[in-house]
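*Asks:* no FASTA, just this:
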């Protein structure tokens, strides 16, 4: 997502399709999983020539969308998502697939996205319990 770095939708496409041709399928998957279609999608220049008409697609580094301060901040936030993809490739072994066939490709991608989300949830829980432990420690020492 745009703000919390959770992986909402993740897919593997066979072959090497153009990014713009995969955008509609990715947004359809997000709508199916979440229950509503995103209103705005921030994408890089690889998604020019997309076939999406329900969601407003904002392409980075185009002067048309960089007029307001909110849009500039949103595009900077989109740039912060690129390291998440790098972490998916290195931490959850998305960079190399050891499973067989196109089904193995799809399973590998879904499991790496789920693993990334579990890692984020565990980090939040760890910080939550640390805060509770710290509050209890302060109350007991008083």
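*Replies:* Cool, the structure landed. Just so you know, these numbers come straight off a predicted model, no measurement behind them.
*Asks:* thought residue 48 was touching residue 59?
*Replies:* Yes. Using C-beta atoms under 8 Å, residue 48 is in contact with residue 59, at 6.0 Å. C-beta: built from backbone N, CA, C; applies to glycine.
*Asks:* higher neighbour count, the two?
*Replies:* Taking other C-beta atoms under 10 Å, residue 48 and residue 59 do not tie; residue 59 has more neighbours (18 against 13).
*Asks:* which residues does the more buried one contact?
*Replies:* 43-45, 47-48, 65 (C-beta atoms under 8 Å, 6 or more residues apart in numbering).
*Asks:* neighbours around residue 75, how many?
*Replies:* 18.
*Asks:* and if you look at the one 10 residues further on?
*Replies:* The local packing count at residue 85 equals 12, with neighbours defined by other C-beta under 10 Å.
*Asks:* show me what the stretch of helix or strand residue 103 belongs to is packed up against.
*Replies:* In this assignment (DSSP states H and E), residue 103 forms part of helix 101-141. Counting contacts by 3 or more C-beta pairs under 8 Å, 6 or more residues apart in numbering; DSSP states H and E, helix 101-141 is packed against helix 82-91.
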